[in-house]
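**Student:** Sequence first, predicted model second:
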Amino acid sequence: MQQPATEHPVDATTADAAAANDPAAGAVSAPIDDAPADLATGLTAAEVERHRAEHGTNELPSTTSRSLWAILRANVFTLFNLIVLACFTLLAVLGRWQDAIFGFSAVANSVIGVWQEYSAKRQLDNLRVLHAPHARALRDGEIVDLLREELVIGDVIQVRAGDQVPADARVLGASGLQVDESLLTGEEDAVDKRRDDELLSGAIVVHGHGTALVHRVGAESFAAKLTAEAKRFSLVNSEIRDGINKVLRILAVLLVPVMLIAVNGQINAFGGYELAFIDDSWRDAAVGAVAAVIAMVPLGLLLMTSIAFAAGALKLGRRNVLVQELHAVEGLARVDILCFDKTGTLTEGGVAYWDSHPAPDAQPGWEAALAAIAADDGANDSAACLGERYPAADAAPIARQIPFSSQRKWSAIVVDDEAARGTWVLGAPDVILQPGADDGLLEEVAGYSNEGRRMLALCWSPTVLEDDAVRAETLPDDRRGVALVSLRERIREDAADTVRYFREEGVDLRVISGDDPRTVAAVARDVGLLEADQEGFDARRLPTDRDELAEVLEHHRVFGRVTPTQKRDMVQALQSHGHVVAMTGDGVNDVLALKEADLGIAMGHGSAAARAVSRLTLLDNQFQAMPDVVRQGRQAIANVERLSMLYLSKTAYAILFAVIFGAMLWAYPFLPRHMAILDGMTIGWPAFVLALIPNSRRYVGGYFRRAVSFAVPAGIVVVLGVLAVSIVGRLTGAGVAEQQTAASLVLAVLGLWILSLVCRPVQPILIAVQAACIAAFFLVMLVPFARWFFAFEWPPVELWWTIGIACGIGIVLLELHGQWHARRTRRELEMSAQELHERRQRLRARRR
């Protein structure tokens, strides 16, 4: 509902109304067809209805990032969950509940997956760039308060200090209008807005007031497009998840034919199809087929991977790093380029004193004047930091003063004291220094500015301003420059150490900022990121072609005047050249790049939009926490690689068991409960420890290839050992239960040896875990109830000899394979990052 505002529009913004009525002064450079007939009175009720019908209102789309049904479908209704459910149901119907305990892993995997995605969905659904609920618009000659959603194209809106711009508009008239666009564009300083300038929805008015003509609303506005892009669903780029998914895709292809072979083999092993359904031996055949199928699926790997990442997330949480997606823990360990803005990472915000540069004929007392300006209670950050060099004890007494104004960009004090009598003016050099009289200082300003320093000038006038002149904010005409003061960004104490850490660890750094490239380069030089003779790159000169852009990014480290779209393009260009890119940011202007990066990292003080799309948030804004993130990521990846070697070894021998025993029409050598206890001892229980122990090994890409290269030969050795005892068992007439017990013993011994290979270098806790697993297996074999539960029967003497020989030969083969794999892994770790990158490029070219 429209409500008339308390003030009359002409009284409130006289300058704006005058500009609106002056076609020469207030004309919009790109006329809007739907502008009101009279800009001074705004839209009429009839025009509002017509524009609403033609273009809609300023209501933002409420699209959700991903529906709950889509999340459930992706994590619950999967092929493998269907297989697990079918096998679980079959065993439950057959009354073989002892063999159905594998179902809990599938439930746990689904719960973790749904929880992660639903948490991310809630973050994105709550994302807002526009928060202001109301707007003021000129309609039928009066200013009325509207709900933001009621604005239409062609509305003349009024904005003043403290307002958030409610829709994209073009300035018609302004009186000292300054807008903070730092969260939208990255520009740190407030931006002056004049007639015909663009106002972006979401920007904050910090000074002055003005009127503007709305030309984009609703889904077409800047804020809406940014929000829609941010809400686009995506998962963090994860090599571990990609590797596991690759395994699952391979298994999806193999599962049906292997399952058919296993089912056919089991039914024939129990007397053939006719006999199986007469004497109910099909039940045992079904149980054997289920054992063969379930053993192929590495359910535990998915669960233990989540546990490893969750443990890393908890440790990072104690360092005030919020992990919003578990796989983000591995992200920074894989990153080879980290992009960030200087503010909040290298700098704390604000400025610090750097140096003073007095003129040759500087007026005596200038130091006392600077001390007085710095000590004043109303001093802004730039003036107050001068107190680091000029303490309050040296300050001259202030008789009168003109406070600083961002509009005029200077302040002044009047000193009526013999030591420093006169008027002292501190401000922007280009405003208070006068060409001709101050040419020498102006040349110095240009030189220091090119080095990236922020400069202030101090002028002195012998005129002692009286009260009337102070109230009129008069700048003395007889002033002359007496000194320059150079300021620098306030560098974080930990910035240089953090930069050094990443460079030593092979992570290349890119500073991407919306500020002046000279200023950004000065900060980069201070922290050791640039050499003294290196400069920043002005992003306004960046090429638009992706390959050309990538080449520029390969050779330059520091960029200034970067727009939000360019940030995203830079991330994409680096990715196109094979880099894994992390991006830190705190503003709405960073959202597109944070979303596109392999790993988005938000600062805790930043905008809600930046935090919503990021995978990690540094809650206390401490960039020094990043090395800890790297260490936790390395631990997670290295430990998951160990877990993968274990679980994929099992997948390899499970597939071979199903195919070989099914093709030979032999009974499957294990019951599902055998696989459950053997998995627990040789994989599952140790996996909990392996997932959590410290591991600082440097990341090297290709973990999946290394895991498979270990697992497949190890699986073959296990199959050969089990096959040997099965053949001897059949030749000696041993019973099915005896053969299964013998096979279980071989699998236990060789599985524990595989575990010992994976646990190297040996740590005391790992020795204890292996000893506990061996003791547990002895208990299962010796305790009568356990033997009954797991259906174990002591094998005959002939099989014991075969078990011993098979285990001995298998251990030798596994040891030789383990040493070869360890040497190969060490060589990869010793290779430089550049060598690895070149090798990956050659492999990609070969595949193409």
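**Tutor:** Thanks, I have the structure now. Not measured: the values here are computed from a predicted model. Numbering: from 1, shown residues only.

**Student:** Helices of the stretch 151-300 of the chain, start to end?
**Tutor:** In the stretch 151-300 of the chain, helices defined by DSSP state H, counting those that start in this stretch lie at 182-185, 222-230, 239-269, 272-276, 282-296, 299-318, listed in chain order.

**Student:** Same check on the stretch 651-800 of the chain?
**Tutor:** Assigned by DSSP H, counting those that start in this stretch, the helices in the stretch 651-800 of the chain fall at 672-679, 685-692, 703-731, 736-758, 764-782, 784-789, 797-830.

**Student:** Output these as CSV; include the columns mean pLDDT and distance to residue 555.
**Tutor:** (C-beta placed from N, C-alpha, C; glycine too.) Putting the helices of the stretch 651-800 of the chain into CSV (pLDDT from 0 to 100; distance: least, Cβ to Cβ, whole Å) gives the following:
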stretch, mean pLDDT, distance to residue 555
helix 672-679, 78, 52
helix 685-692, 81, 41
helix 703-731, 92, 30
helix 736-758, 90, 42
helix 764-782, 84, 46
helix 784-789, 85, 67
helix 797-830, 89, 27
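
**Student:** For residue 147, find the nearest of those.
**Tutor:** The closest of these to residue 147 is helix 685-692. By Cβ to Cβ, the value is 52.1 Å.

**Student:** Go ahead and name everything in contact with that closest one.
**Tutor:** 300, 304-305, 307-308, 311, 639-640, 642-643, 646-647, 755, 758-759, 765-766, 769-770, 772-773, 776 (Cβ atoms under 8 Å, 6 or more residues apart in numbering).

**Student:** Pull out the buried members of those.
**Tutor:** 300, 304-305, 307-308, 311, 639-640, 642-643, 646-647, 755, 758-759, 766, 769-770, 773 (16 or more other Cβ atoms under 10 Å).

**Student:** how near is residue 144 to residue 164?
**Tutor:** The spacing between residue 144 and residue 164, counted by Cβ to Cβ, to the nearest Å, is 18 Å.

**Student:** Reduced to three states, what does residue 465 come out as?
**Tutor:** coil (DSSP: H, G, I helix; E, B strand; the rest coil).

**Student:** How many residues are close by it?
**Tutor:** Close neighbours of residue 465, defined as other Cβ atoms under 10 Å, add up to 23.

**Student:** For it, list the residues it contacts.
**Tutor:** If you count contacts by Cβ under 8 Å, 6+ apart, residue 465 has them with 400, 402, 412, 414, 423, 474, 476.

**Student:** Surely the third one is in a helix?
**Tutor:** No: judged by three-state DSSP, residue 412 forms no part of a helix; its state is strand.

**Student:** Does it touch residue 424 like I think?
**Tutor:** Yes: the criterion here is Cβ atoms under 8 Å, and residue 412 meets it with residue 424 at 6.6 Å.

**Student:** Kindly give the local confidence score, pLDDT, for residue 475.
**Tutor:** Confidence at residue 475, expressed as pLDDT, is 91.

**Student:** mind checking which helix or strand it is in?
**Tutor:** Under DSSP states H and E, no helix or strand contains residue 475.

**Student:** Neighbours of it, how many?
**Tutor:** Using other Cβ under 10 Å: residue 475 sits among 19 other residues.

**Student:** Then residue 294?
**Tutor:** Neighbours around residue 294, by other Cβ under 10 Å: 25.

**Student:** And it, how close does it get to residue 669?
**Tutor:** Separation of residue 294 from residue 669 (Cβ to Cβ) stands at 14 Å.

**Student:** quick one: contacts for the nearest residue to residue 414 once chain neighbours are set aside?
**Tutor:** Closest residue to residue 414 apart from its sequence neighbours, by Cβ to Cβ, 6 or more residues apart in numbering: residue 400 at 4.2 Å. For residue 400, the contacting residues are 413-414, 465, 467, 470, by Cβ under 8 Å, 6+ apart.

**Student:** Tell me the spacing between the nearest residue to residue 738 once chain neighbours are set aside and residue 593.
**Tutor:** Distance criterion Cβ to Cβ, 6+ apart; nearest residue to residue 738, sequence neighbours excluded, is residue 795 at 4.6 Å. As defined by Cβ to Cβ, residue 795 lies at a distance of 64 Å from residue 593.

**Student:** next one: residue 541
**Tutor:** 19 Å.

**Student:** which one of those two has more residues nearby?
**Tutor:** residue 593 (27 against 10).

**Student:** ok, the more buried one touching residue 568?
**Tutor:** Yes: using Cβ under 8 Å, residue 593 is in contact with residue 568, at 4.8 Å.

**Student:** Buried residues, the helix or strand where residue 440 lies. List them.
**Tutor:** Element membership for residue 440 (DSSP H and E) is helix 439-450. The neighbour-count check on helix 439-450 (16+ other Cβ under 10 Å) flags 441-442, 444-445, 448-449 as buried.

**Student:** Any idea how far that helix is from the middle of the chain?
**Tutor:** 41 Å (Cα atoms, centre = their mean, to the nearest Å).

**Student:** swap in stretch 713-722?
**Tutor:** Using Cα atoms, centre = their mean, the offset of stretch 713-722 from its chain centre is 42 Å.

**Student:** go on, stretch 439-455?
**Tutor:** 38 Å.

**Student:** Could I get the full set of helices for the stretch 301-450 of the chain?
**Tutor:** Taking DSSP H, counting those that start in this stretch, the helices of the stretch 301-450 of the chain run over residues 328-334, 366-375, 381-384, 429-432, 439-450.

**Student:** before we move on, the earlier item: which two in the contacts of residue 400 are spaced the farthest apart?
**Tutor:** The largest separation in the contacts of residue 400, counting by Cβ to Cβ, is between 413 and 467 at 14.0 Å.

**Student:** who has more neighbours, the two?
**Tutor:** Legend: neighbour count by other Cβ under 10 Å for residue 413 and residue 467, higher for residue 413 (26 against 10).

**Student:** Pipe the helices of the stretch 301-450 of the chain into JSON lines and attach distance to residue 247 per row.
**Tutor:** Output for these, formatted as JSON lines (distance: least, Cβ to Cβ, whole Å):
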{"stretch": "helix 328-334", "distance to residue 247": "17"}
{"stretch": "helix 366-375", "distance to residue 247": "65"}
{"stretch": "helix 381-384", "distance to residue 247": "56"}
{"stretch": "helix 429-432", "distance to residue 247": "64"}
{"stretch": "helix 439-450", "distance to residue 247": "56"}
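
**Student:** Among the ones you listed, which comes closest to residue 633?
**Tutor:** Closest among these, once you apply Cβ to Cβ, is helix 328-334, at 3.0 Å.

**Student:** Name the residues of the closest one that come out as buried.
**Tutor:** Neighbour counts over helix 328-334 (16+ other Cβ under 10 Å) mark 328-334 as buried.

**Student:** Could you find the lowest-pLDDT member of these?
**Tutor:** Least confident entry in the buried residues of helix 328-334, by pLDDT: residue 332, with 72.

**Student:** Verify the stated contact: it with residue 582.
**Tutor:** Yes: using Cβ under 8 Å, residue 332 makes contact with residue 582 at a distance of 5.8 Å.
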